[in-house]
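J.: Coordinates for the following, if possible.
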Amino acid sequence: MARLERVRRGRWLAVCLAFCLVAGQGLAVRTAPELPDPGNPPMSRDQQKQLGLQAAGEVYKQMPVLPDSSRETQYIQKLGKRLAATIPPERSWPFQFHVIAQKEINAFALPGGPMFINIGTIQAADNEAELAGVMAHEMAHVYMQHSAKQQEKASLLGGLAGIVGGIAGRMGGVWGTLAQSGIQFGAGTLILKYSRSDEAQADEVGAIILSKASYNPVALADFFEKIEKQGSSGPQFLSDHPNPGNRRAAIEREIAEWPVRKYGHESPEFAAVRKDAASVRAYTAQEIADGAKSGRWAAENPKNGAVFSEATSGGSATVGTASQTNVGSVPTVPVTDVQPSSIFQQTDLSTMKIVRPENWDVMQGQQQGSVTIAPRPGVSGSAVAYGVVIQVVQPPSANMSVQQITAAIVRSLESSDSRMKQSGEIQAITVNGVAGGSVELQTVSPLADEEGKAQPERDWLVAVPRGDGNAIMIVFVATQRYFEQMRPTFEKMLRSVQF
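T.: As a prediction, this is how the structure comes out:
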């Protein structure tokens with residue numbers, strides 16, 4: 001009897017061991033998907049972002065872009081933020097999301113993060129997962145830095161070192177730079193040339209983004225297959241996105257290795273926005289091409305979601321960490337070394353007069369039309385930890401409201417620094433009798449705290465349009481800890497401005 005019991009117990013242990021081995025093997029295989037290392041192409045992050053800003057500026061000149069206030073744009077921005085949140089911050093980009101009033105099905109993302117979705121794409125999607133699949137695929141191109149790698153493939157990287165200052169490619173200027181990265185403007189659309197290997201990689205990475213955002217990754221393949229069956233409905237889309245092979249089979253093979261999970265996130269807004277999109281005035285590619293030739297879109301675009309490109313603004317401002325300046329780039333100093341003096345003196349700049357603390361110096365900025373007023377210990381190179389940055393900028397288009405100009409400057413700063421975020425709403429303000437916009441921003445200071453750790457920075461942006469078509473941007477900068485202590489000085493300086 002005892003011997004029989006030992007045999008039974010031995011068999012039970014053997015079964016349990018076999019089960020554990022099988023389970024262990026299953027767990028070893030079915031690991032949660034993680035985004036791959038995108039690599040490090042010779043084109044830097046700042047260069048890619050600047051290239052994207054240049055291209056985005058051209059989009060607004062050549063295509064009918066819906067304003068940020070439109071229902072479709074607000075929905076796309078919300079969906080885009082959900083997808084972007086799946087990317088680790090250290091590898092993410094300052095994504096922007098816009099909608100083009102074009103009937104044809106297309107979508108494209110530019111280096112650095114600007115993304116544009118045709119309204120025809122919204123209407124073509126049968127559900128939110130399909131639309132999210134298109135956006136995740138485009139986001140993957142940015143994440144994997146495919147445009148930057150185009151330059152590497154074409155061996156045209158020699159001129160990239162000076163891109164932020166404006167370089168001339170074989171075609172010259174902005175157009176040459178864009179063409180080198182496979183970005184061209186054609187008949188009523190923007191064309192990005194990706195290889196089949198790029199497309200396969202964008203499918204793989206896009207599927208991971210979708211899964212992390214709780215959408216079924218197969219929806220990505222569903223949308224592409226549907227467009228291929230329609231053929232003539234999306235020729236440009238198919239040209240920009242060459243089929244890498246059997247998308248569905250590739251995605252299904254990929255997700256077969258992942259842990260089983262329940263998908264199905266679907267916002268109730270999708271159906272309403274898709275229905276509303278049918279009532280929006282949309283244009284064919286030919287109509288858009290004709291409008292670009294006549295200058296119609298450059299004149300009509302509200303540009304309230306636009307960014308300033310190198311070609312139009314003379315360069316992006318470097319405020320605090322606005323160019324992703326590293327923490328610690330400004331040596332740690334006691335606050336007593338940067339405290340403003342109670343004695344002020346008037347300073348005559350080329351654009352205006354302003355008073356400043358006598359212990360704060362006037363320094364020429366790296367960009368044309370840029371001046372920094374700051375204590376010397378609070379500045380290092382292009383990084384400003386304490387002080388005031390004043391810069392002349394050119395709005396993306398004429399006849400913009402103060403609100404739109406201020407919003408465009410905020411977008412430009414956020415595009416230059418992925419850590420910079422708007423804090424609060426844009427408020428009206430009057431500077432020397434001229435109506436302007438005021439808003440606060442938050443980012444990470446280039447000045448480490450006493451323990452050598454990163455600390456938050458607080459910025460106060462004031463934008464004032466001028467009669468010559470330009471605007472003056474004034475940004476007051478300080479660490480979060482000492483901003484309120486310096487606010488009286490900032491306010492006195494602003495009150496003293498004379499144009």
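
J.: Just the CA trace of stretch 439-452, in PDB.
T.: Presented in PDB, the C-alpha positions along stretch 439-452 are these (Å, rounded to 0.1, in the frame of the first residue of the first chain):
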ATOM      1  CA  VAL A 439       1.200  82.500 -21.200                       C
ATOM      2  CA  GLU A 440       3.300  80.500 -18.800                       C
ATOM      3  CA  LEU A 441       5.400  77.500 -19.800                       C
ATOM      4  CA  GLN A 442       7.200  74.700 -17.900                       C
ATOM      5  CA  THR A 443      10.300  72.700 -18.700                       C
ATOM      6  CA  VAL A 444      13.500  71.400 -17.100                       C
ATOM      7  CA  SER A 445      16.100  73.900 -16.200                       C
ATOM      8  CA  PRO A 446      19.600  73.600 -17.600                       C
ATOM      9  CA  LEU A 447      20.800  74.500 -14.100                       C
ATOM     10  CA  ALA A 448      21.000  71.500 -11.700                       C
ATOM     11  CA  ASP A 449      19.900  72.000  -8.100                       C
ATOM     12  CA  GLU A 450      22.300  71.900  -5.100                       C
ATOM     13  CA  GLU A 451      22.400  68.100  -5.200                       C
ATOM     14  CA  GLY A 452      23.200  68.000  -8.900                       C
END
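
J.: secondary structure class for the residue nearest to residue 363 when sequence neighbours are not counted?
T.: Distances taken as CB to CB, 6 or more residues apart in numbering place residue 372 nearest to residue 363, at 4.6 Å, with adjacent residues excluded. For the C-beta atoms, the positions are set from N, CA and C on the backbone; glycine is no exception. Three-state assignment for residue 372 (DSSP: H, G, I helix; E, B strand; the rest coil): strand.

J.: which residues does residue 372 bridge with?
T.: Taking DSSP bridges as the rule, residue 372 bridges to residue 363, residue 389.

J.: Would you mind confirming that it is in contact with residue 386?
T.: No: the criterion here is CB atoms under 8 Å, and residue 372 misses it with residue 386 at 10.4 Å.

J.: So between these two, which is more surrounded?
T.: Per other CB atoms under 10 Å, whichever of residue 372 and residue 386 has more neighbours is residue 386, with 28 against 25.

J.: got the contact list for the residue nearest to residue 363?
T.: Going by CB atoms under 8 Å, 6 or more residues apart in numbering, residue 372 touches 362, 363, 364, 365, 379, 384, 387, 388, 389, 390.

J.: Could you export those residues to CSV, including columns for distance to residue 100 and pLDDT?
T.: What follows is these, written out as CSV (distance: CB to CB, whole Å; pLDDT from 0 to 100):
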residue, distance to residue 100, pLDDT
362, 44, 90
363, 41, 86
364, 40, 74
365, 35, 64
379, 41, 86
384, 36, 89
387, 40, 95
388, 38, 95
389, 33, 92
390, 35, 92
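
J.: how near is the closest residue to residue 439 other than its chain neighbours to residue 449?
T.: Spatially, and ignoring its direct neighbours in sequence, residue 439 is nearest to residue 426 (4.5 Å; CB to CB, 6+ apart). Look at residue 426 and residue 449: by CB to CB, to the nearest Å, they are 30 Å apart.

J.: Those two: which is more packed in?
T.: More crowded of residue 426 and residue 449, by other CB under 10 Å: residue 426, with 19 against 14.

J.: Show me what counts as buried in stretch 422-437.
T.: Within stretch 422-437, the residues scored as buried using 16 or more other CB atoms under 10 Å are 422, 426, 429, 431, 436, 437.
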